[in-house]
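Novice: Based on what follows, work out the 3D shape:
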Amino acid sequence: MNNKSVTGCRIRIMSFTSAPNAERKILSILKVLSGLQKPAGSALISRQLKDRGIELSERAIRYHLRLTDERGLTQLVRERDGRVVTERGLLEIQRALVKDKMGLSISRIEQLAFRTSINLQNRSGMVPVNISIFSQDKFRDALETMANVFDQSLCVSNLILLASGGEKIGDVLIPKGCCGLASVCSIVINGALLKAGIPMDSKFGGILQLRKHQPVRFTEMINYNGTSLDPSEIFIKARMTSVREAAASGEGEILANFREIPAICQPIADSVFSQLRQAGFTGLLLEGKTSETVCEVNVEQGKIGIILLGGLNPAAAAVEAGIETENHSMSTIVPYDQLKPFAEVDNQTRKSVSLP
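Specialist: Here you go, the predicted structure:
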């Protein structure tokens, strides 16, 4: 066991001592149980794993479930009902999110885009989100700081989801004594285009300079296929943004992402972008022309350069204000109908005695 501090909250996290292959299987089983949010047996778990491309027999699953029971990660409800994941198991899943980042960021983007299932016509389905965690005593200050960023639409969407300590956002458990805020991730645009049959090439995340509210050029960039960490998290920790200033005056440096799509797909893409805006996703900042440079970035022949706003811009503003924040970009997916406009949630939170 080891202790870890998260924005002033102490968490006890269990480390596995089993072989790497067994650990991956156990983590996969825990994630299935967490996603089901109800007791499940080996047969159901096996089917769920198969849907995720993991072949594991019921016998093997029963063996691993005995191990998770011994470690306190799962608990048998009743023999016929199956098991549920425990709070310790949820914490182990959260720790695994960090380990997931050991792969290239581009792989994480592709996975989340595939899992995105937003239906833009009936406003349903799953939406990818980033999660920012604040200590409870600083949360009101954080909301006040982030308000202008949402008002000025310097984010992917003004739709958010809040959770108190001990609650979950997707499969991420918010630590006790903390509050979590889920902001929409720019990968929602990747996912929507993918469902429309349009491939999107995610190039890099960077720092974008704004002048008179208009994008000028990228001052910093990190290629997705060359890093295991999300560029936005790196830039926030390095305090390289001036999002608050950009929201207040239109002059500053914000988080943004650069993508490319085939020019032949532009008519369909523009239709998807329009539907995204109507559904509350305003992350498309700039769309270039075929093969033309966009904000001093060269674009491949036959493609169109696209700039998307960073979903963590509100969290970056909080960090700029000196509010301690733990950010998990490209974190998980949540149902669209759980998301609420920031202004509505902010007003309710300010009136409430406890948070959120």
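
Novice: C-alpha from now on. contacts and neighbour counts both.
Specialist: Fine.

Novice: who does Ile261 bridge with?
Specialist: Beta-bridge partners of Ile261, counted by DSSP bridges, are Ile304.

Novice: any low-confidence regions in the stretch 1-150 of the chain?
Specialist: For the stretch 1-150 of the chain, applying pLDDT under 70 flags the ranges 1-20, 96-104.

Novice: switch to 80 and redo it
Specialist: Residue ranges of the stretch 1-150 of the chain with pLDDT under 80: 1-24, 35-37, 51-53, 78-81, 93-104.

Novice: So which residues of it form helices?
Specialist: 20-36, 42-51, 58-70, 87-100, 105-115, 139-151 (DSSP state H, counting those that start in this stretch).

Novice: Count the neighbours of Lys303 for me.
Specialist: Under the neighbour criterion other CA atoms under 10 Å, Lys303 is assigned a count of 21.

Novice: residues in contact with it?
Specialist: Counting by CA atoms under 8 Å, 6 or more residues apart in numbering, Lys303 touches 260-263, 290-291.

Novice: same question, Thr219
Specialist: By CA under 8 Å, 6+ apart, the residues touching Thr219 are 206-209.

Novice: Am I right that it sits in a helix?
Specialist: No. The assignment for Thr219 by DSSP: H, G, I helix; E, B strand; the rest coil gives strand, which leaves it out of any helix.

Novice: Look at Glu253 and tell me its secondary structure.
Specialist: Going by three-state DSSP: Glu253 is strand.

Novice: Skipping its backbone neighbours, what lies nearest it in space?
Specialist: Spatially, and ignoring its direct neighbours in sequence, Glu253 is nearest to Gln209 (4.5 Å; CA to CA, 6 or more residues apart in numbering).

Novice: who's in contact with the one you found?
Specialist: Listed by CA under 8 Å, 6+ apart, the contact partners of Gln209 are 215-219, 251-254.

Novice: what bridges to it?
Specialist: Note on Gln209: beta-bridge partners by DSSP bridges are Arg217, Glu253.

Novice: from the contacts of Gln209, which is closest to Gln136?
Specialist: Nearest to Gln136 among the contacts of Gln209, counting by CA to CA, is Ile254 at 26.0 Å.

Novice: these two touch, right, that closest one and Asn313?
Specialist: Yes. With contacts counted by CA atoms under 8 Å, Ile254 reaches Asn313, the gap being 6.7 Å.

Novice: Those two: which has the busier surroundings?
Specialist: Set side by side, Ile254 and Asn313 give different neighbour counts by other CA under 10 Å, the larger being at Ile254 (32 against 27).

Novice: hmm, back to that, nearest to Pro231, of the helices of the stretch 1-150 of the chain?
Specialist: Closest of the helices of the stretch 1-150 of the chain to Pro231 is helix 105-115, at 8.7 Å (criterion: CA to CA).

Novice: Summarise which helices and strands that closest one is packed against.
Specialist: Counting contacts by 3 or more CA pairs under 8 Å, 6 or more residues apart in numbering; DSSP states H and E, helix 105-115 packs against strand 126-135, helix 187-195, strand 326-335.

Novice: just how off-centre is that helix within its chain?
Specialist: Distance, stretch centre to chain centre, for helix 105-115: 11 Å (CA atoms, centre = their mean, to the nearest Å).

Novice: relative to helix 187-195, how tilted is that helix?
Specialist: In terms of direction (axes from the mean of the first three to the mean of the last three CA atoms, to 10 degrees), helix 105-115 departs from helix 187-195 by 60 degrees.

Novice: and Lys212, what does it touch?
Specialist: 249-251.

Novice: could you flag which of those residues are buried?
Specialist: If you count burial by 16 or more other CA atoms under 10 Å, the buried members of the contacts of Lys212 come out as 250-251.

Novice: Need the contacts of Lys212 in JSON lines (columns: pLDDT and distance to Asn190).
Specialist: Listed next are the contacts of Lys212 as JSON lines, based on pLDDT from 0 to 100; distance: CA to CA, whole Å:
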{"residue": "Ser249", "pLDDT": "97", "distance to Asn190": "30"}
{"residue": "Gly250", "pLDDT": "97", "distance to Asn190": "27"}
{"residue": "Glu251", "pLDDT": "97", "distance to Asn190": "28"}
